[in-house]
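Asker: Take this sequence and fold it.
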Amino acid sequence: MSAGELLEIDPPELKFPFELRKQISCSLQLSNKTDDHIAFKVKTTNPKKYCVRPNNGIVLPRSICDVVVTMQAQREAPADIQCKDKFLVQSAVIDPGTLAKDITAEMFSRESGNKVDEVKLRVVYVSPPQPPSPVHEGSEEGSSPRASVSENSNVDTSEPIVQARAHVTNQEEKYPEVKTVLSKWNEEKSTSIQQSLTEEKNTAIQQGNKLREEIELLKVELNKKKNTGSFSFMFVLILALLGVLVGYLVKA
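Answerer: This next block holds a predicted model:
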């Protein structure tokens, strides 16, 4: 904290976590510890690079005013990450009836007769905060699980399967009723599958017999139609011959 005669400024220097092509903001807190009305004005040696809101104003007695300084996005990093920019906070005691719009540069001049004060602030670039690194669970003595796996890469992966089978066998021997239930369940499942296959086979046989019966009926109907057509043709032929014979006898 910079303790001026009129205003206390916190922090004593402007720290920006520098990142290329990114706007960065920093806050200043101006504290008026007196019983006077204090006007202030914030200046910088590089006004095109920074935006100050508010850049002037009035701090009431025993009160605080917050100022936000925003650095515009930078395309290039300075050499050695050093910054030569400076800020100047001017303050002056004013009459209680003075408004912010009435603040002028002459108020902060010692020739004006006002009680004035100035505090210089420098700009410091700091490294941006780094994201926390992920914590590997289950590691021991600082070694990661990946490292322990690589050290034991030659372990036989079939061992857990053998152990699992042995465990099941031990459980069956320890609890014979479990083995009985499993055997009964397997038998019921096998019987159910056999019954289902038998029913499907019987259904297929019945459908085949039905198709054969329908085919036989069709054959009988076709034969009837064929015989009926032959009889009609013979009957017509006999009538025609009789007609010719009768005509011949009549003429004779």
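Asker: in the chain, which spans are strands?
Answerer: 2-3, 7-10, 14-17, 24-32, 37-44, 50-53, 56-59, 64-71, 86-94, 116-126 (DSSP state E).
Asker: out of these, nearest to residue 202?
Answerer: Residue 202 lies closest to strand 14-17 among the strands of the chain, at 83.2 Å (Cβ to Cβ). All C-beta atoms are positioned from the backbone trio N, CA, C, and that covers glycine.
Asker: buried set for the closest one?
Answerer: The neighbour-count check on strand 14-17 (16 or more other Cβ atoms under 10 Å) flags 14, 16 as buried.
Asker: Now do the contacts for residue 34.
Answerer: 6, 61, 62, 93 (Cβ atoms under 8 Å, 6 or more residues apart in numbering).
Asker: My guess is the first one contacts residue 32. True?
Answerer: Yes - Residue 6 is within contact range of residue 32, at 7.3 Å (criterion: Cβ atoms under 8 Å).
Asker: who touches both of those two?
Answerer: Here residue 6 and residue 32 have residue 38 as joint contacts, going by Cβ under 8 Å, 6+ apart.
Asker: on that earlier part again, redo the strands of the chain as CSV? Include distance to residue 239 and mean pLDDT.
Answerer: Formatted as CSV, the strands of the chain follow (distance: least, Cβ to Cβ, whole Å; pLDDT from 0 to 100):
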stretch, distance to residue 239, mean pLDDT
strand 2-3, 141, 64
strand 7-10, 136, 96
strand 14-17, 123, 95
strand 24-32, 122, 96
strand 37-44, 133, 97
strand 50-53, 125, 97
strand 56-59, 134, 97
strand 64-71, 123, 98
strand 86-94, 135, 96
strand 116-126, 128, 94
